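**Student:** Need the 3D shape of this:
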Amino acid sequence: MSEERIVRYTRENLPKGRTDWARIDAMTEEEIEANALSDPDNPPWTDEELKNARLVMPEDRVKTPVSIRLDNEVPDYFKSQGRGYQSRINAVLKAYVRSQGEKKRA
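**Tutor:** Prediction:
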């Protein structure tokens, strides 16, 4: 990848988000909670889900750059989900590797 295509951000030059903060500031806590509860994509967690939730901290592992040939549909799918597609591909591969390790121990 050429250097001119690399974009670096700092806290001072982050791109402007699309959140309408003035609208949120004008809402009451009750309105915010009602909106959150009515969101079909993010239903409230059940007590069981909260009980089973666990914090997963990112690992401070060094990543190895690799060149890999994939069918077009694989990166196209992950890219269609937005930024961070390489991290998502890595997470899927890591989950597979860990599942294989669990099978060997069983």
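**Student:** Against K16, how distant is D25?
**Tutor:** Between D25 and K16 the distance is 17 Å, computed by CB to CB, to the nearest Å. To be clear about C-beta, it is placed using only N, CA and C from the backbone, and glycine gets the same treatment.
**Student:** Oh, that last question was meant for M27, not what I typed.
**Tutor:** 21 Å.
**Student:** The two: which is more packed in?
**Tutor:** When neighbours are counted by other CB atoms under 10 Å, M27 comes out ahead of the other of M27 and K16, with 12 against 5.
**Student:** Chain neighbours aside, what residue packs nearest to that one?
**Tutor:** Nearest in space to M27, with sequence neighbours left out and distances taken as CB to CB, 6 or more residues apart in numbering, is N35 at 7.7 Å.
**Student:** List the contacts of whichever strand or helix holds the one you found.
**Tutor:** When secondary structure is defined by DSSP states H and E, N35 falls within helix 29-37. Helix 29-37 is contacted from outside by I24, M27, N42, P44, using CB atoms under 8 Å, 6 or more residues apart in numbering.
**Student:** Render the CA-only coordinates of whatever helix or strand the first one lives in in PDB, please.
**Tutor:** Using DSSP H and E, I24 sits within helix 21-26. Output for helix 21-26, consisting of C-alpha atoms alone and laid out as PDB, is shown next (Å, rounded to 0.1, in the frame of the first residue of the first chain):
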ATOM      1  CA  TRP A  21     -25.800  15.700  19.900                       C
ATOM      2  CA  ALA A  22     -28.100  18.800  20.100                       C
ATOM      3  CA  ARG A  23     -31.200  16.500  19.700                       C
ATOM      4  CA  ILE A  24     -29.900  14.100  22.300                       C
ATOM      5  CA  ASP A  25     -29.000  16.900  24.800                       C
ATOM      6  CA  ALA A  26     -32.600  18.200  24.400                       C
END
